[in-house]
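Participant: coordinates only, sequence not included:
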């Protein structure tokens, strides 16, 4: 399980860079410490999804790798595909900010 431990810790660090908050990151770390790998994985993907934190295809491939290590069916985390940012489109966070700016100009 050392490889799984290391891979989950890597996922946690990447999630931090993507902007997941410290509370969720610390929960995921705590689960890893107690060998609750499934709970750590579930916490990360659920919170990333809830906060609409965009990911890239490489991040999703890491999720697939961990999912295989945990013997999970891909259907249990495939919802994360919705967060994959298309390199040719404007990221959702930028669109959201632009709509706030546009709304404020109409006042």
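Facilitator: Thanks, I have the structure now. Values in this document were obtained by computation on a predicted structure and should not be read as measured data. Numbering: from 1, shown residues only.
Participant: so which strand or helix has residue 67?
Facilitator: Assigned by DSSP states H and E, residue 67 belongs to helix 57-69.
Participant: Surely residue 102 forms part of a strand?
Facilitator: No: under DSSP: H, G, I helix; E, B strand; the rest coil, residue 102 sits outside any strand and is assigned helix.
Participant: Verify the contact between residue 52 and residue 85 for me.
Facilitator: No: under the criterion of CB atoms under 8 Å, residue 52 makes no contact with residue 85, lying 10.9 Å away. C-beta here means a position set from N, CA and C on the backbone, and glycine is covered the same way.
Participant: neighbour count winner among these two?
Facilitator: Set residue 52 next to residue 85 and count neighbours by other CB atoms under 10 Å: residue 85 wins out with 15 against 11.
Participant: Okay, that one and residue 11: tell me how far apart.
Facilitator: 17 Å (CB to CB, to the nearest Å).
Participant: same check, this time on residue 50
Facilitator: 16 Å.
Participant: Low-confidence regions, this structure specifically.
Facilitator: 1, 87-95, 98, 107 (pLDDT under 70).
Participant: Can you tell me what sits against stretch 9-26?
Facilitator: 28-29, 32, 40-41, 43-44, 47-48, 51, 53-55, 59, 62-63, 66 (CB atoms under 8 Å, 6 or more residues apart in numbering).
Participant: Apply 6 Å and report the result again.
Facilitator: When contacts are defined by CB atoms under 6 Å, 6 or more residues apart in numbering, stretch 9-26 is touched by residues 28-29, 44, 47, 53.
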